[in-house]
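Okay, here's the prediction I keep looking at, along with the sequence it came from:
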Amino acid sequence: EFRRVLFRSQLKIELIGTGDQAGTWGTTTNTNLGTAIQEAITGNATVTFASANAAITLTDTNATQAARNLRLVCGGTITNVQYLFVPQITKQYLVVNNLSNSVIIANGTNSGATGTTFTLPAGRSSIVFNDGTNINDVVTYVTTLGNVTITGGTANALTLSNVSIVSGNV
């Protein structure tokens with residue numbers, strides 16, 4: 001009796017078992033490489049908000065899926081802060097917030113967030129890392145910057161050290 005067993009990675013890329021798909025593995029391999037892996041490395045997906053939270057998920061298929069993509073562009077319409085729920089897997093995202101309010105990036109579903117979250121202000125982009133439990137801000141240290149504009153924030157929130165030239169209002 002022949003029994004086919006599918007194994008899936010965290011990103012739902014089909015892993016072909018030894019002896020499976022004999023003579024036909026090319027289609028699965030091409031989809032894995034041309035769709036699934038490409039999305040994870042260089043993919044760009046739009047997540048559309050409609051005055052509510054948005055949740056992206058992964059299913060057991062190597063077909064195109066927003067949650068597998070590296071870059072998530074938040075678009076649509078919101079009137080207050082909303083959540084972007086992502087799958088609870090180890091994965092990095094570059095998130096672009098093109099909305100009129102902040103987006104809170106979190107693990108979980110529309111019924112609630114789990115772990116720590118990350119709030120991305122309207123009109124901003126950030127790199128976040130999901131460790132499967134928490135959403136972490138990736139950039140915490142920069143050694144060299146070109147022209148930088150700092151806006152918003154609160155009084156006394158800016159700390160500069162080892163700065164040779166500062167111009168403008170600080």
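That came through, no problem. Keep in mind the model is a prediction, meaning the values are calculated, not measured. Numbering: from 1, shown residues only.

Now do the same contact list for the nearest residue to Ala67 once chain neighbours are set aside.
Using CB to CB, 6 or more residues apart in numbering and skipping the chain neighbours, the partner closest in space to Ala67 is Ile56 (4.1 Å). C-betas here are computed from N, CA, C, even on glycine. Neighbouring residues of Ile56 by CB atoms under 8 Å, 6 or more residues apart in numbering: Ala45, Val47, Gln65, Ala66, Ala67, Leu72, Leu84, Phe85, Val86, Pro87.

where along this protein do the strands fall?
Listed from the start of the chain, the chain has strands (DSSP state E) covering 7-8, 14-15, 44-50, 54-55, 71-77, 82-86, 90-97, 103-109, 112-120, 125-131, 135-137.

Tell me which of these is the most buried.
strand 82-86 (a mean of 23; mean count of other CB atoms under 10 Å).

Note down every partner strand of that strand and its orientation.
Here strand 82-86 is paired, per DSSP bridges, with strand 54-55 (parallel), strand 103-109 (parallel).

how near is the closest residue to Phe85 other than its chain neighbours to Ala36?
Excluding the flanking residues, the one nearest Phe85 by CB to CB, 6+ apart is Ala55, at 3.9 Å. Going from Ala55 to Ala36 by CB to CB, to the nearest Å gives 20 Å.

quick one, which of the strands of the chain is nearest to Thr143?
Thr143 sits nearest to strand 125-131 of all the strands of the chain, at 16.3 Å, using CB to CB.

mean confidence score for the closest one?
In this model, strand 125-131 carries a mean pLDDT of 96.

who does that strand touch, helix- and strand-wise?
strand 90-97, strand 112-120, strand 135-137 (3 or more CB pairs under 8 Å, 6 or more residues apart in numbering; DSSP states H and E).

Output it as CSV, restricted to C-alpha atoms.
Backbone C-alpha positions of strand 125-131 (Å, rounded to 0.1, in the frame of the first residue of the first chain) are rendered in CSV as follows:
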residue,chain,number,x,y,z
SER,A,125,8.0,51.5,7.9
SER,A,126,9.9,49.2,10.2
ILE,A,127,11.6,45.8,10.3
VAL,A,128,10.1,43.5,12.9
PHE,A,129,11.0,40.0,13.9
ASN,A,130,8.4,37.5,15.1
ASP,A,131,10.0,34.9,17.3
